[in-house]
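Engineer: Here is the input, now give the coordinates:
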Amino acid sequence: MNPSMAREKELKRQKALEKAAKLQAQQASNNQKKSEKKMYSPTAVEKSWYAWWEKSGFFVADAKSSKPPFVIVLPPPNVIGALHIGHALTVAIEDMIVRWRRISGYNTLWVPGMDHAGIATQVVVEKKIMRERKLTRHDLGREKFVSEVWDWKNKYGGTILQQLRGLGASLDWSRECFTMDEKSSRAVTEAFVRLNKNNLIKR
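Structural biologist: Numbering: from 1, shown residues only. Down below sits the predicted model:
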C-alpha cells in the first residue's frame, strides 16, 4: 500500500471515530435531558400542593359535623429552636393516623401549637444576651427581658410552623395556639382547679 493511500485510510478512520464520539456525546446529552425531565423536585411540587390543601380547607374540622369526632393535639414543640429528627418522626406518625381517620369518615381535628418551655427558653435567651451584649436578665430588668423572650418566640415559632408545613402535616391551622396565650393559660388554670377540687392532684 503506497503512503498516500495509507494516509487517506487513516484520515477516514479518524473521521469515523470522531463521528462515533459525537453521536455518543449527543445520546448521553439526550438521555440526561430525559432523566432531568423525569426527576421529582419535592421543593417545587410539595410546596404548591400544601398551599393548595391549606387554602382549600382540607384540614379544618367542622364543629357542626354529625360525623364521629377524632381529636388529637400535636405535642407542642418547645419554642427554644428549630425542629429536629425526633419531631419529624412524631409528626409523620401522627399525620398518618390523622389522615387515616379523616378518610375513614371521622370529623378529624389535629390541633397545632407550640410550648413556651419556660425555663429552657429563659436559659437560651439568657445565654444569647450574654453572648451578644454581655448582659444578664437582671441587667435588662423584667420587662425588657420578657420582651426579649417574646422576640425569640416570634422568630423561632415562625420557623417551627413553616417546618411543620414543610413536613406536610395536615394540621388545622385555624386553631393554632401557644401555651402562653390567654385562652390556653385559662384552660390550664381551669384544669388544675378542677383536678384539685376532685382530689386528683396534690400540692
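Engineer: count of residues packed around Arg101?
Structural biologist: 19 (other CB atoms under 10 Å). The way it works is simple: take the backbone N, C-alpha and C, and place the C-beta from them, glycine included.
Engineer: And the pLDDT for Trp110?
Structural biologist: Per-residue pLDDT puts Trp110 at 95.
Engineer: what's the answer for Lys128, then?
Structural biologist: The model's pLDDT for Lys128 equals 86.
Engineer: Start at 493, not 1
Structural biologist: OK, 493 is where the count begins now, so the last one is Lys620.
Engineer: pretty sure it is touching Asp643, no?
Structural biologist: No. Contact criterion CB atoms under 8 Å: Lys620 and Asp643 do not qualify, at 10.0 Å.
Engineer: Pull the residues that contact the helix or strand harbouring Ala683.
Structural biologist: In the assignment (DSSP states H and E), Ala683 maps to helix 674-689. With contacts defined as CB atoms under 8 Å, 6 or more residues apart in numbering, helix 674-689 is touched by Gly605, Cys669, Phe670, Thr671, Ile693.
Engineer: From Pro569, how far off is the residue nearest in space to the middle of the chain?
Structural biologist: Centroid-nearest residue in the chain: Gln655, 2.1 Å away (criterion: CA atoms, centre = their mean). Gln655 is 9 Å from Pro569, where distance means CB to CB, to the nearest Å.
Engineer: any shared contact partners between the two?
Structural biologist: Taking CB under 8 Å, 6+ apart as the criterion, Gln655 and Pro569 both touch Leu575, His579.
Engineer: related to what we said a few turns ago, between the contacts of helix 674-689, which sits nearest Gln524?
Structural biologist: Nearest to Gln524 among those: Gly605, at 46.1 Å, using CB to CB.
Engineer: tally of neighbours for that closest one?
Structural biologist: What Gly605 shows, counting by other CB under 10 Å, is a neighbour count of 20.
Engineer: My understanding was that it contacts Trp665; is that so?
Structural biologist: No. In this structure Gly605 lies outside contact range of Trp665 using CB under 8 Å: 10.5 Å.
Engineer: gap between Gln506 and Glu500?
Structural biologist: Shown here: Gln506 relative to Glu500, a distance of 11 Å by CB to CB.
Engineer: Ok, Thr628 next?
Structural biologist: The gap separating Thr628 from Glu500 is 90 Å, by CB to CB.
Engineer: Counting neighbours, what do you get for the residue lying closest to Pro560 once chain neighbours are set aside?
Structural biologist: Once flanking residues are discounted, Pro560 sits nearest to Tyr598: 5.5 Å by CB to CB, 6 or more residues apart in numbering. As a burial measure, Tyr598 scores 17 neighbours (other CB under 10 Å).
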